[in-house]
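K.L.:
Pasted the sequence and its predicted model underneath.
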Number of protein chains: 2
Amino acid sequence: MNARALPTTVEEIRLAAHVASELRPEHFETVRVPLRRAGVGQVLVRNLLLRVAAVTRTLMAPERVLPMAPYRPGRALGGAALGQVVEAPGTGLRPGELVRHDYGWQQYALLPSASVRRVDPARWPDPAACLSQGFVGWLAVDRTGVRAGDTVLVTGAAGGVGTVAGQFARLRGAGRLIGTTSARWKAERLRRELGFDAVLVRGQGPIAEQLRAAAPEGVDVLVDTVGGEQFEAALSCARRGARCAVVGAVGRQAGGGTRAQATLDTLAMFSGGISVQGLTVRDHQASAARWEAEFSAGLREGRLRFPHVRLAGLGQAPGALLDLLAGRHLGTVLVETHW
Amino acid sequence: MNARALPTTVEEIRLAAHVASELRPEHFETVRVPLRRAGVGQVLVRNLLLRVAAVTRTLMAPERVLPMAPYRPGRALGGAALGQVVEAPGTGLRPGELVRHDYGWQQYALLPSASVRRVDPARWPDPAACLSQGFVGWLAVDRTGVRAGDTVLVTGAAGGVGTVAGQFARLRGAGRLIGTTSARWKAERLRRELGFDAVLVRGQGPIAEQLRAAAPEGVDVLVDTVGGEQFEAALSCARRGARCAVVGAVGRQAGGGTRAQATLDTLAMFSGGISVQGLTVRDHQASAARWEAEFSAGLREGRLRFPHVRLAGLGQAPGALLDLLAGRHLGTVLVETHW
């Protein structure tokens, strides 16, 4: 794309007001702003794909819940994005190169060059896969040391994290792979397309009872993206030496409430030698290269899939976030931000 | 001791009845039984010291709470013991050798030789120290990787586990060492004799508030022997990347109740990269030699202490257990079982 083809104004989606309880369309504001050009050391990126994720909802709250600054009303929302360099004077970046960054809720992003990372298109069958949320799911499987024969439970199995975590657990030899999700249609797809042996459906009776039936000998590994009742149920079915990774709290993030609160019995934890580990991508950047290598190789060789949804047009992003929180998608949710 | 000096009858203390709620003296029954002699492959041990510990209370309950069989009414209670071999025909053990075993609530124990372990008296300034409960406390410090400058919280700091864990945390470089206990006199001794910087006293206001005042910058490592409110308070003050080891649940073990129940927020756990690990000696026997070497060397060289109480006479054991659960002792509680 040459400079003459650039539009003079572009769209971005801003936080209209902090979200104290239920997220509604009015919390988003779409505005058209003049396109600013890159100065020396800056990069102007034409965004291609935006990843819509629950963390955006969490950062729309007024209070600080995560160790990241909440979004501010009147400013563009953030989210992982894939884009193409338009201009980047005085940097090593060339027009046309693919890059990733965290400023996706806009058609164009103007950033310091240190805020973008190159994406090698030769590595990925589809570069969109570099926006997978699977890193933390892979990390959970890696750090819990899933081994041959383990019974593994993935809560929120149909999410962007869970769909990848389940596949890696299977690759590492999980003997029995169980998921939880919110709807029968997702349970069916998880069994048919992603190799889950059993999927528990929220609302079809207490999760602990469903889990006891699905895993009568108990759970060796938990990959938890939900929290609350599902976390408690997993712990109540934990086998001796069970390893649990907590990598999300969609139960709380979706509602802005306290459903990630869970009660546990520390006597059972110590006598059972059970561990629970909170993991974030941020704390494990040293493992990012290994994750990307394993995931991209698996995709190239057809051993892994990148389940995702792709919606056309930046204007779909608010609705996509609402739908994601309501459990209406399977896999990572991407929005094509160009038009 | 030669065989002619052996008594014909000896005392043992039995579980009179399962303990459903509060432990009382009537739950113990002291009986005099004929002394049985060792056959081939057996060892007759004259017990010297019995370790009284909260786990005995837990195993007196009718239901199975731990992965160990509960005690049965009409049978002798169990507990770690140090004794001297009286006779051991057809085994490698010689009369007079010191051994450890788990059958301490009796003056003499008749056991298969595989149930005893030799104790090297040259290793210990006082062989009683081999009955320290510190192994799991050391394990907690080791597995949480206490490092220079860490703020470490030890709950139940005056117990047999806590007194040793605190000392090892300091040896590994803890910058600030905080304990919790149930009485001012124990807090005073922990500060004066065992190097704690601050000790919170149960009943002197909410533990979380006391902890925020004692550790305004938060807690890096938790060694938890209590559970319940104290575990919750520690998690509410956990710093990014905090590592927690759960090695006991005295709060529940003492009352037979549910005070080890704790509520946690898995969103805070994952966003803070916090881990909680249940540890038992049973699962970590491979580390026992390293623990013994570090502890005995520290005692010999005067860098460590073995805080303990020593009471004279097997008949004191029931009262010692009641007193232990009521928090009336500091350190490991030993009863001299000979007379």
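P.N.:
Right, received. Where do you want to start?
K.L.:
The closest residue to chain B within the stretch 1-150 of chain A: helix or strand, and which one exactly?
P.N.:
In the stretch 1-150 of chain A, the residue that lies nearest chain B is residue A:66 (4.6 Å; C-beta to the nearest C-beta). Where you see a C-beta, it was placed from the backbone N, CA and C, and this is true even at glycine. Residue A:66 is part of no helix or strand, with elements assigned from DSSP states H and E.
K.L.:
Distance from the helix or strand where residue A:165 lies to the middle of the chain?
P.N.:
Assigned by DSSP H and E, residue A:165 falls within helix A:162-171. Mean-position distance between helix A:162-171 and its chain equals 14 Å (C-alpha atoms, centre = their mean, to the nearest Å).
K.L.:
In that helix, which residues are buried?
P.N.:
Within helix A:162-171, the residues that qualify as buried are A:162, A:163, A:164, A:165, A:166, A:167, A:168, A:169, A:170, A:171, counting by 16 or more other C-beta atoms under 10 Å in any protein chain shown.
K.L.:
Is it possible to get TSV of the residues you listed that adds distance to residue B:102?
P.N.:
Converted to TSV, the buried residues of helix A:162-171 look like this (distance: C-beta to C-beta, whole Å):
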residue	distance to residue B:102
A:162	44
A:163	49
A:164	47
A:165	42
A:166	43
A:167	46
A:168	42
A:169	39
A:170	42
A:171	43
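K.L.:
near chain B too, which of those residues?
P.N.:
Checking those against chain B by C-beta under 8 Å from any C-beta of the partner chain, not one of them is in range.
K.L.:
Which one of those is nearest to residue B:19?
P.N.:
For the buried residues of helix A:162-171, the closest approach to residue B:19 (C-beta to C-beta) belongs to residue A:169, at 42.5 Å.
K.L.:
ok, the closest one - contacts?
P.N.:
Residues in contact with residue A:169 (C-beta atoms under 8 Å, 6 or more residues apart in numbering or on different chains) are A:141, A:146, A:150, A:152, A:154, A:177, A:221, A:223.
K.L.:
ok, now with 7 Å
P.N.:
Residue A:169 sits next to A:141, A:146, A:152, A:154, A:177 when contact means C-beta atoms under 7 Å, 6 or more residues apart in numbering or on different chains.
K.L.:
Secondary structure element holding the residue nearest to it when sequence neighbours are not counted?
P.N.:
In space, and not counting its chain neighbours, residue A:169 is closest to residue A:152: 4.3 Å by C-beta to C-beta, 6 or more residues apart in numbering or on different chains. Take DSSP H and E as the rule and residue A:152 turns out to sit in strand A:151-154.
K.L.:
pLDDT on that strand, on average?
P.N.:
Average pLDDT, strand A:151-154: 98.
K.L.:
now do stretch A:45-65
P.N.:
92.
K.L.:
Helices of the stretch 51-200 of chain A, start to end?
P.N.:
Along the stretch 51-200 of chain A, the stretches classed as helices by DSSP state H, counting those that start in this stretch are A:54-58, A:134-143, A:162-171, A:184-194.
K.L.:
Turn the ones you listed into TSV, columns for distance to residue B:12.
P.N.:
Formatted as TSV, these follow (distance: least, C-beta to C-beta, whole Å):
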stretch	distance to residue B:12
helix A:54-58	60
helix A:134-143	48
helix A:162-171	51
helix A:184-194	58
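K.L.:
Would you point to the one among those that's packed deepest?
P.N.:
Mean neighbour count, computed with mean count of other C-beta atoms under 10 Å in any protein chain shown, is highest for helix A:162-171 among the helices of the stretch 51-200 of chain A, reaching a mean of 27.
K.L.:
Make a markdown table from the buried residues of helix A:162-171 and add pLDDT to it.
P.N.:
Below are the buried residues of helix A:162-171 laid out as a markdown table (pLDDT from 0 to 100):
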| residue | pLDDT |
| --- | --- |
| A:162 | 98 |
| A:163 | 98 |
| A:164 | 98 |
| A:165 | 98 |
| A:166 | 98 |
| A:167 | 98 |
| A:168 | 98 |
| A:169 | 98 |
| A:170 | 97 |
| A:171 | 97 |
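K.L.:
Great, nothing more from me.
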